[in-house]
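Participant: My questions are about this predicted structure, shown below with the sequence.
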Amino acid sequence: MAATQRGDAAAYVALLNDVGPLVLSFLRRRVRSPEDAEDLYQDVFFALHRARHTYEPPRPVEPWLFTIARHVVADHLERRQLRAAREVVVEDPPAPAVEGDGFARRQLEQVLGGMPPSQREALELLKVDGLSVERAAARARTTPAALKVRAHRAYRTLRHLL
């Protein structure tokens, strides 16, 4: 690690190869999924890279490194816990909206009718029909870039009119 701090790239590679399996084993024992362990493995080495200046030679590297790893795991678990606290699990997905003929719908139809045809077409293909930009461009017989410009102008017009 001391050589790594001095900028020795070969020593850095050797260090990562040497401690990599130990870190991965450490992480697999502390998180549920192998995917999480792989992600955290990368996070630990990013954190090691950012904190490499804090290592004090000739102290052992492993306690310093595993302290970093413990902090990365703790941050991960805290983020997961916060995310789980905000999630709302429902048994049945919500029912789709029922079409109505209310004021907002009539206003939207009126606004769409007042838009230039190319902008209205871009908006309908992308937002109503749900097509990808490439498919919508093919259907509109234009390029994806031109369709994006039309859609941007349609959004701006729609925002102004509403």
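Facilitator: Yep, it's here. None of the values given here were measured: they were computed from a predicted structure. Numbering: from 1, shown residues only.
Participant: Kindly list the main-chain dihedrals of residue 93?
Facilitator: Torsion angles at residue 93 (phi, psi; degrees, to the nearest 10) stand at phi -70, psi 150.
Participant: And it, how close does it get to residue 128?
Facilitator: Remark: distance between residue 93 and residue 128 (Cβ to Cβ, to the nearest Å) = 21 Å. In this view, the C-beta of every residue, glycine as well, is placed from N, C-alpha and C.
Participant: Put the alpha carbons of stretch 121-130 into CSV.
Facilitator: What follows is stretch 121-130, C-alpha atoms only, in CSV (Å, rounded to 0.1, in the frame of the first residue of the first chain):
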residue,chain,number,x,y,z
GLU,A,121,-48.5,14.0,-34.7
ALA,A,122,-45.2,13.8,-32.8
LEU,A,123,-47.1,14.1,-29.5
GLU,A,124,-49.7,11.5,-30.4
LEU,A,125,-47.1,9.0,-31.7
LEU,A,126,-44.8,9.3,-28.7
LYS,A,127,-47.2,9.9,-25.8
VAL,A,128,-50.5,8.5,-26.8
ASP,A,129,-49.4,5.5,-28.9
GLY,A,130,-46.3,5.0,-26.8
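Participant: Would you mark the buried spots in that stretch?
Facilitator: 121-123, 125-126 (16 or more other Cβ atoms under 10 Å).
Participant: Stretch 153-162 now?
Facilitator: For stretch 153-162, by 16+ other Cβ under 10 Å, it's 153-154, 157-158.
Participant: any chance of the residues you listed in a markdown table, plus secondary structure?
Facilitator: Formatted as a markdown table, the buried residues of stretch 153-162 follow (DSSP: H, G, I helix; E, B strand; the rest coil):
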| residue | secondary structure |
| --- | --- |
| 153 | helix |
| 154 | helix |
| 157 | helix |
| 158 | helix |
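Participant: Would you reformat those residues as TSV and include pLDDT and distance to residue 107?
Facilitator: Formatted as TSV, the buried residues of stretch 153-162 follow (pLDDT from 0 to 100; distance: Cβ to Cβ, whole Å):
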residue	pLDDT	distance to residue 107
153	91	20
154	89	16
157	85	14
158	83	11
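Participant: And the contacts of stretch 38-58?
Facilitator: 1-2, 4-5, 16, 20, 23-24, 27, 31, 61, 64-65, 68-69, 71-73, 76 (Cβ atoms under 8 Å, 6 or more residues apart in numbering).
Participant: Buried only: go through these for me.
Facilitator: 1, 4, 23-24, 27, 31, 61, 64-65, 68-69, 72-73, 76.
Participant: Right, I'll call it a day here.
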